[in-house]
Each structure stands twice: as C-alpha cells, then as structure tokens.
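Colleague: here you go, sequence then predicted model.
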Amino acid sequence: MFTSNTASNFIIHNNLFYDNSGYTQIQGFMNASNILIDHNLFYGGAYQAFGSDRFLLITNNIFVHRNPSGTNTSTFNNNITYLTPSDFPWTVNGNTGVGNFGATNPQMADEAAVEANNTSPLLNFTISSGPGDNGGSDTKDIGLLYDASGSLNWTNSRASRMPFIYSMNITTPTVAPGGNVSVTVESRRNN
C-alpha cells in the first residue's frame with residue numbers, strides 16, 4: 001500500500017498488485033500532479049484498487065476483481081477491467097478516458113488462475129490474444145511484462161539472467177580422509 005497526501009512526479013510502472021484482505025493498494029493522492037500508473041496488474045478480491053485519489057493518469061493497466069473506481073477527476077487510457085464491481089471507472093466521479101475495455105476478459109496466458117486469485121509467482125501474465133494484445137497507448141500489450149522484444153517481457157522477467165548451476169557431477173565415488181573430490185559443474189544463464 002502506498003499513501004501520500006500531496007505528491008508529484010511519480011511513476012508506478014510494471015507492478016503486480018494483489019490483495020484479498022480488503023486493503024486499498026494506492027491511496028491518499030488527494031492533490032496529485034504528474035502521477036502515472038502504467039502497465040500494472042491489479043487483482044484479488046473485489047476491493048478498491050485506489051482510495052480517494054485525484055488527478056491520476058492511469059494507463060495500460062489490467063484490473064481483475066479489483067475495483068478501480070475509487071479515483072476522482074482522473075484519466076483512464078487503454079485499461080482493461082474484468083469482473084470488477086465497477087467495470088467502467090472512466091465514466092464515474094468526474095473521471096475520463098479513451099481506449100479502455102470495460103467488462104472484457106484480458107486473456108492472459110494464466111487467466112483462469114488470476115480469476116481464481118492464485119498468488120503463484122510462476123503465473124504467466126502475458127496477453128495471449130484479444131484487445132490487450134498490442135492494445136496499449138504505446139502499442140505494446142496492456143498489463144504486465146508487455147514488451148515482447150525488450151527486457152520487460154515474460155521470459156526475461158521471470159527467469160534471472162544470473163548464472164545458475166545446471167548440472168553437477170561428482171566423479172569420485174569414494175574419498176579418503178584428506179583426499180580430493182572431483183566435481184564437474186555446468187552453469188547456464190537465461191537469455
């Protein structure tokens with residue numbers, strides 16, 4: 001949860017916001033300026049994603065079971081809402097917006113697991129098809145891990161680029177006290 005009464009020049013970008021306990025994820029931006037909430041996924045329970053926030057720019061996000069209507073006089077562009085208590089937040093509380101998809105299945109690879117509020121860190125949040133596929137204001141996918149060719153894609157973000165031990169073979173079956181052990185280690189890295 002992030003709270004601030006007066007704030008400016010924030011970018012909240014490429015985050016997963018999950019909560020099934022009733023907490024509001026982003027709140028307290030009462031006098032906001034230049035606050036961009038971009039390419040995030042909000043899911044879990046039917047609770048508020050935002051508190052009484054005002055003047056936010058909310059772009060390229062996906063909301064599944066999270067109510068995005070807690071904002072006032074904010075701009076929603078190229079967002080997807082699905083199974084939320086308010087699937088058209090850009091039409092209430094003085095909010096505006098264009099390019100949004102209300103009450104629309106975002107069609108993520110692991111959509112069923114997201115709808116079931118599964119919190120596994122191994123879920124695949126990439127868009128498999130539908131309006132979110134290259135539907136962002138930047139012509140990239142809406143939601144998380146949207147850049148198919150850059151560093152913010154599912155393959156690069158899910159798997160560390162640090163080397164890891166791929167195989168290890170101990171070639172000495174028995175070792176006398178004070179003797180040497182022969183070990184062959186192969187390491188690899190993702191991407």
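Modeller: Arrived safely, thanks for sending. Numbers count the residues shown, from 1 in each chain.
Colleague: wait, isn't residue 25 in contact with residue 50?
Modeller: Yes: at 7.4 Å, residue 25 and residue 50 qualify as touching, with contact defined as C-beta atoms under 8 Å. For every residue, glycine as well, the C-beta is placed using N, CA and C.
Colleague: which one of these two is surrounded by more residues?
Modeller: Set side by side, residue 25 and residue 50 show more neighbours around residue 50, with 25 against 22, by other C-beta atoms under 10 Å.
Colleague: report the beta-bridge partners for the more buried one.
Modeller: Beta-bridge partners for residue 50, by DSSP bridges, are residue 26.
Colleague: that one and residue 119, how far apart?
Modeller: 21 Å (C-beta to C-beta, to the nearest Å).
Colleague: now swap in residue 85 and tell me
Modeller: In terms of C-beta to C-beta, residue 85 sits 21 Å off from residue 119.
Colleague: cool, residue 39 as well?
Modeller: Residue 39 is 20 Å from residue 119, by C-beta to C-beta.
Colleague: ok, now residue 16?
Modeller: Distance from residue 16 to residue 119, by C-beta to C-beta: 9 Å.
Colleague: now do residue 125
Modeller: Distance from residue 125 to residue 119, by C-beta to C-beta: 12 Å.
Colleague: out of these two, which sits in the more crowded spot?
Modeller: Legend: neighbour count by other C-beta under 10 Å for residue 125 and residue 119, higher for residue 125 (23 against 14).
Colleague: I'd assumed residue 111 was in contact with that one.
Modeller: No: judged on C-beta under 8 Å, residue 125 makes no contact with residue 111 at a distance of 9.2 Å.
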